[in-house]
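Enquirer: I would like the atomic coordinates for the input below:
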Amino acid sequence: MKRLILVVLALFGLFAGIMLAAAQDTGTAVDPSQITDDQVMEVARSLYCPVCPNEPLNTCQTEACYRWREDIRSQLARGLSKDQIIANFVAQYGERASAVPLDQTLQTVSLVTPFLIAGVALLIAIFLILRWRGAKTAAPTGTVNDPSASVPPDDPYRAALEDDVKG
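Expert: Sure, this is the predicted structure:
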């Protein structure tokens with residue numbers, strides 16, 4: 001009886017192992033026609049054309065870019081992920097093919113720099129606005145109709161002019 005139970009358990013384990021192995025996605029090839037243009041453009045959006053300067057691969061209209069997008073389609077059909085495809089392009093064409101730097105330090109700097117610049121610009125704007133408002137409030141409080149409020153009393157030219165006007 002113990003042998004029968006062991007044989008049944010062994011067969012069950014073998015059957016379960018076969019089923020698990022069959023259920024795993026091994027990245028098998030898919031027909032390239034089943035890969036949609038959206039899937040290709042999702043990967044191409046993260047790459048730059050190695051031929052055209054500063055042209056994303058998803059918008060470039062050269063014949064080379066059409067071939068590279070078809071290469072992306074075939075790599076997706078082979079089961080490669082987006083990161084693996086980008087790594088393949090970087091290996092073939094260098095770092096300039098990647099829209100985002102692969103080096104973690106450069107990636108962090110490229111993501112933080114715009115926020116840092118915006119923060120500095122905001123601080124400068126706040127400083128200038130406060131300085132401008134402070135200069136406005138520090139202006140003399142004399143009225144426009146009272147000319148003696150803004151004229152120093154010891155100005156001889158002003159006094160002579162006022163005497164001539166009066167008399």
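Enquirer: In this structure, mark out all the strands, start to finish.
Expert: Read by DSSP state E, the chain holds no strands at all.
Enquirer: roughly how far out does the helix or strand bottoming out on mean pLDDT in the chain sit from the chain middle?
Expert: Lowest by mean pLDDT, DSSP states H and E among the helices and strands of the chain is helix 2-23, with a mean of 73. Centroid displacement of helix 2-23 relative to its chain, using Cα atoms, centre = their mean, to the nearest Å, is 51 Å.
Enquirer: in it, what counts as buried?
Expert: In terms of neighbour count (16 or more other Cβ atoms under 10 Å), helix 2-23 has no buried residues at all. The C-beta positions use only the backbone N, C-alpha and C, and glycine is treated the same way.
Enquirer: May I have it exported as PDB, CA atoms only?
Expert: Extracted in PDB, the C-alpha atoms of helix 2-23 (Å, rounded to 0.1, in the frame of the first residue of the first chain):
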ATOM      1  CA  LYS A   2       2.800   2.400   0.800                       C
ATOM      2  CA  ARG A   3       4.400   1.700  -2.500                       C
ATOM      3  CA  LEU A   4       1.200   2.400  -4.300                       C
ATOM      4  CA  ILE A   5       0.800   5.800  -2.500                       C
ATOM      5  CA  LEU A   6       4.500   6.600  -3.300                       C
ATOM      6  CA  VAL A   7       4.000   5.800  -7.000                       C
ATOM      7  CA  VAL A   8       0.800   7.800  -7.200                       C
ATOM      8  CA  LEU A   9       2.500  10.800  -5.500                       C
ATOM      9  CA  ALA A  10       5.500  10.500  -7.800                       C
ATOM     10  CA  LEU A  11       3.200  10.400 -10.900                       C
ATOM     11  CA  PHE A  12       1.200  13.300  -9.500                       C
ATOM     12  CA  GLY A  13       4.400  15.300  -8.900                       C
ATOM     13  CA  LEU A  14       5.700  14.500 -12.400                       C
ATOM     14  CA  PHE A  15       2.400  15.500 -14.000                       C
ATOM     15  CA  ALA A  16       2.300  18.700 -12.000                       C
ATOM     16  CA  GLY A  17       5.900  19.500 -13.000                       C
ATOM     17  CA  ILE A  18       5.000  19.000 -16.700                       C
ATOM     18  CA  MET A  19       2.000  21.200 -16.400                       C
ATOM     19  CA  LEU A  20       3.900  24.000 -14.700                       C
ATOM     20  CA  ALA A  21       6.600  23.800 -17.400                       C
ATOM     21  CA  ALA A  22       4.100  24.000 -20.100                       C
ATOM     22  CA  ALA A  23       2.300  26.900 -18.600                       C
END
